[in-house]
Structure formats: C-alpha cells, structure tokens
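Novice: What would the 3D arrangement of this be:
(one chain, ligands or ions: 2)
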Amino acid sequence: MKVCVVGSGYVGLVAGTCFAESGNDVICVDVDKDKIDGLKRGVIPIYEPGLKEMVLRNCEEGRLNFTTDLDLAVKESLVCFIAVGTPPGADGSADLQYVLSVARSIGRAMESFKIIVDKSTVPVGTADKVRAAVNDELGKRGTHIEFDVVSNPEFLKEGAAIDDFMKPDRVVIGTDNVRTAEIMKELYSAFMRKSNRLLVMDIRSAEMTKYAANAMLATRITFMNQIANLCEVMGADVMAVREGIGSDSRIGYDFLFPGVGYGGSCFPKDVKALVKTADECSYDFVLLKAVETANERQKAILSDKILRRLGSAGDKPLAGKRFAIWGLSFKPRTDDMRDAPSLTIINRLLEMGASVHAHDPEAMNEAKKHFGDRISYSVNKYDLMRGADALVIITEWNEYRNPDFDRIKELLINPIIFDGRNLYHPARMKEAGFEYLPIGRNGNVVCEMN
Ligand SMILES: NC(=O)C1=CN([C@@H]2O[C@H](COP(=O)(O)OP(=O)(O)OC[C@H]3O[C@@H](n4cnc5c(N)ncnc54)[C@H](O)[C@@H]3O)[C@@H](O)[C@H]2O)C=CC1
Ligand SMILES: O=C(O)[C@H]1O[C@H](OP(=O)(O)OP(=O)(O)OC[C@H]2O[C@@H](n3ccc(=O)[nH]c3=O)[C@H](O)[C@@H]2O)[C@H](O)[C@@H](O)[C@@H]1O
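Specialist: Ligands and ions are numbered 1, 2, ... in the order given. Below you'll find the predicted structure:
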C-alpha cells in the first residue's frame, strides 16, 4: 500500500519505518529540512533502540523515503497519516495548529480519494475539524474529491517504540466507513499476529480512548507514588506493597513503580488537555486535577529530601554543596527530555545554590539545550562523583543498576545516595556503609523484591 506519514518525529518516524518494514511503500514528510536531509543520509534524529537499523534497511530496499515535499507525498499515497505534535497551549488545551495546517496542506495537494488518518493525540471532535479544514481547501480550489478521516491513536512507549508498534496490545481505528475500516485492517494486518485486537469504533470514542489510556496510567503511577510517600512515613515498604497488590490479577504489576513523578512528552500534556476538555464541557474532572497536583509535588520529593538532609539556613541552603546526578532523560532508553523530572529537580538544586554534575548515557546533548553550562556533564559515570556531597539517581538506566559501590564510596565526600527510582536494596546498602534514601522503602524487607 502507498502510505505517507506527515511529521517524522518519535511517532511518525517509527510508524513510517514499521509500515515500510511490513512491505508498504512509505514516504515520511517533515517541514524540518535538516531532519529530512539527515534522514536521507541515514542520520536518525532521535535515540530509539533498533530504529536506525530498520530505517537503513528499508531505505536501502527502496520502501522508505524522506521528503519535505508534502504535495508529492500526498499525491502518491492512498493513506496519509498526520503525526505532528500537539503540544499544550497556554491554557493547557492541545494546540491543534500543526494538525490543522497539515490537513489544509493535504486539502490543497490531493487529486484523488485519500484516507486521512489522525495519529497525533487529539481531543474529541478533532476529526471533524480536520474534515472541515480539508473541505475548506477543496472548496477554495472549486473541486470536490472524496476523502475519509480516521482516528488511529498511537500507544507506543519511547524506548520500546518498535516493539510496541509491531506487536501492539491493540490497534484502535475510529471510522464511520466500512470500506475504510477494511483498508486500515489490511494496513495493520502484519502487526496483528500477537493479538488480533484491532478495534474498530466510532471516531469520537477512538479519540477519547487515547486520552483515557494515558490518564489512567498517569493516575495509576500517581496513586503508587502517594502510597510510597505514605509508606515512608508509616515505616512500610512500597516494593513489598507493590508485590502484595500486583499479585491480584485485577490490579497486575505493571506501571506500579513509584518514583520522582511521571514526565515525558505525553502524560503531563495529555492529562492537562483532558482536564481542559472536561472544563470546556463544564465537567469538573476532580480526580485528574488532583493527579496533576500530586505529580507536581512528587517532582519535588527528591530535592526536599536533599534539603532536609544537607541544607542549611538562608536563601541558598545548598550553597557550597555539590551533587552528582545519574540520569537526565524522562525515562531510560530514550534521549527525550520533554517534561523530564530531572529538569525540575536540577533547577531546584541550582536555585538552592548547589552545583550539579550530571551523567546520562544518551540525553546529555538534549540536557545542554536546557541547562547549557549551568551544570557540568561527564561521559564517565564515576568521574563526576569526585568531591560530591551525594549521588542523586533520577532515571533508572540499566547501567546504574549494578555499579561499583566501593568506587562510589571512595569518590563521594559523604556516602549518601538519594535514589528516585529505588534501584538498590536498602538493607544491602546499609551493610555496604551507605546512607541510602529511596522512595517509600524502609529497608526491613527480608526477601528479594522485583
Ligand atoms: N512521543 C511519543 O511517545 C508518542 C506521541 N504521541 C503523539 O503523537 C504526536 C506526535 O508526537 P511526537 O512524534 O513525539 O512529536 P515530535 O515533536 O517528535 O515530531 C513531530 C514532527 O512533526 C513535524 N512537523 C510539524 N509541523 C509539520 C508540518 N506542517 N508538516 C510536516 N511536518 C511537521 C516536526 O518538525 C516534527 O519533526 C503527538 O500528538 C503526541 O502526543 C502518541 C503516542 C506516543
Ligand atoms: O502517548 C504517549 O506518548 C505514550 O505515553 C506513555 O509512554 P512514554 O511517555 O513514552 O513512557 P512511559 O513508559 O509510559 O513513562 C512515562 C512516565 O511515567 C513514569 N513511570 C512509568 C511507569 C511506572 O511504573 N512509574 C513511573 O514513574 C516514567 O518514569 C515516565 O516519566 C504511554 O506509556 C504510551 O502508551 C503512550 O503511547
């Protein structure tokens, strides 16, 4: 099938590449000329495991192409995906300017029947706006061409994007047209081997499904963060509690890891957008508003602990203190720093007068865009600890899981570790001579917890 994907970011590039991998002819479009020029030379603009190899292979075999020429891509394709950003506007609602601008461009370019698929995360009712924008452009041209608008939200996770796309738990197709549903089923058939859960539903339900999924996951994480905070005061251990509740098949173990608050390009903005959608309909979504507030507080948990343990009086209570940071990206296996908790935590440490020295396996270039030379960076994860007052763990990269603790103890001024991701066993850290401050753990757990 001939497919174009407009927007070659995390979602568009992964979707386009996976569609090419399953034998389709795909053109990925972007307005960013540098990005497209780079992709043509095999330079992948993001870090996503497995993506580079797959892009190179499909380009070489001629099924995957890159262009800034949207007109040409649209003319040559039956299915046109919109996969551009929907960032939060000033009031928290999803900013649809990029989606609607692409819809207009498609309306100006199309010469035959098209299936226009909205893959960006968009509020309920956006498909109607896309349809109106395309019709408006066709009207300006004084022409009538049939087209269909489909909602096909994406559920991939960064860091596991290819696997999530090729082996999805489900694919959601929102359409009111049976023939279009069949074409979409054919396009996705290669990915339906793990589960045959291709769910065809009405467009508005498909649009809502995406927000409901992200809001549910954000709520679940927030719930666990609050349980962890309570465990800490009550002397319980949140990792034992996780085992205890996760074993109930109605609850399950996934997405119950407490930490420094959820971040990333989607949970924060999608929770905000859903609250805003509800507000616009005069529905007070109290639960999600509380989730947002609780998550903001959670991002301050680590810096609050640091302040309590190492702070002094005055308006710069951490002046003269030096911190080694492990992990900058919002989660492991990505270089994405959009809404990363590390931004809040590090800014807070800097405001309190501390100096910050950071390591991340992939995100240091991204971090430089945010912090510039206000912090220093180290490609070696131990060097930055020399003379530091404590180690602060923000992101759970695998390479931090079994470090050389003797070396850490030698380098730090104080053997203190503030762990925002509960990577180590508290009892063992105590034996090793560390003062270990995880999230919601008491160190009395005798058995190993996963
Ligand atoms: N990042 C993720 O893990 C996921 C994102 N989503 C949703 O997918 C959408 C896209 O997200 P990302 O891929 O992360 O965004 P991104 O920011 O990585 O990529 C968007 C791309 O669109 C391009 N673009 C903007 N306007 C354009 C235009 N008029 N024509 C052509 N290209 C244009 C930009 O240059 C950029 O390369 C958002 O709605 C997001 O909420 C959904 C699931 C997962
Ligand atoms: O709409 C999106 O963009 C995507 O958002 C999330 O994916 P992503 O943001 O890539 O990453 P997650 O693994 O979901 O992590 C999000 C945040 O939650 C945090 N998290 C996750 C899981 C957990 O148990 N605890 C926890 O604190 C992570 O550290 C991270 O900050 C969803 O998981 C995807 O299904 C969705 O498609």
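
Novice: going forward, measure contacts between C-alpha atoms and count neighbours the same way
Specialist: Fine.

Novice: Okay, Glu243 and Gly440: tell me how far apart.
Specialist: In this view, Glu243 and Gly440 are 14 Å apart by C-alpha to C-alpha, to the nearest Å.

Novice: same question, Ser329
Specialist: Distance of Ser329 to Gly440, given as C-alpha to C-alpha: 22 Å.

Novice: who's more crowded, those two?
Specialist: Just comparing Ser329 and Gly440: by other C-alpha atoms under 10 Å the higher neighbour count belongs to Ser329, 30 against 26.

Novice: Surely the more buried one and His359 touch.
Specialist: No. Contact criterion C-alpha atoms under 8 Å: Ser329 and His359 do not qualify, at 10.2 Å.

Novice: Give me the phi and psi for the nearest residue to Ser205 once chain neighbours are set aside.
Specialist: The shortest distance from Ser205 to any non-neighbouring residue, by C-alpha to C-alpha, 6 or more residues apart in numbering, is to Gly174 (7.1 Å). Torsion angles at Gly174 (phi, psi; degrees, to the nearest 10) stand at phi -100, psi 110.

Novice: Bridge partners for Gly174, pull those for me.
Specialist: Gly174 has the following beta-bridge partners by DSSP bridges: Ser151, Met201.

Novice: can you pull the contacts of it?
Specialist: Residues near Gly174 by C-alpha atoms under 8 Å, 6 or more residues apart in numbering: 150-152, 200-207.

Novice: Make JSON lines from those and add pLDDT to it.
Specialist: Shown next, in JSON lines, are these (pLDDT from 0 to 100):
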{"residue": "Val150", "pLDDT": "98"}
{"residue": "Ser151", "pLDDT": "98"}
{"residue": "Asn152", "pLDDT": "98"}
{"residue": "Val200", "pLDDT": "97"}
{"residue": "Met201", "pLDDT": "98"}
{"residue": "Asp202", "pLDDT": "98"}
{"residue": "Ile203", "pLDDT": "98"}
{"residue": "Arg204", "pLDDT": "98"}
{"residue": "Ser205", "pLDDT": "98"}
{"residue": "Ala206", "pLDDT": "98"}
{"residue": "Glu207", "pLDDT": "98"}
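
Novice: which of the residues you listed count as buried?
Specialist: Among the contacts of Gly174, those scoring as buried are 150-152, 200-207 (criterion: 16 or more other C-alpha atoms under 10 Å).

Novice: Pipe the residues you listed into JSON lines and attach distance to Tyr98 per row.
Specialist: Listed next are the buried ones among the contacts of Gly174 as JSON lines, based on distance: C-alpha to C-alpha, whole Å:
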{"residue": "Val150", "distance to Tyr98": "17"}
{"residue": "Ser151", "distance to Tyr98": "16"}
{"residue": "Asn152", "distance to Tyr98": "17"}
{"residue": "Val200", "distance to Tyr98": "26"}
{"residue": "Met201", "distance to Tyr98": "25"}
{"residue": "Asp202", "distance to Tyr98": "24"}
{"residue": "Ile203", "distance to Tyr98": "20"}
{"residue": "Arg204", "distance to Tyr98": "20"}
{"residue": "Ser205", "distance to Tyr98": "22"}
{"residue": "Ala206", "distance to Tyr98": "20"}
{"residue": "Glu207", "distance to Tyr98": "17"}
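
Novice: Among those residues, find me the one that's closest to ligand 1.
Specialist: Ranking the buried ones among the contacts of Gly174 by separation from ligand 1, with C-alpha to the nearest ligand atom as the measure, puts Asn152 on top at 10.0 Å.
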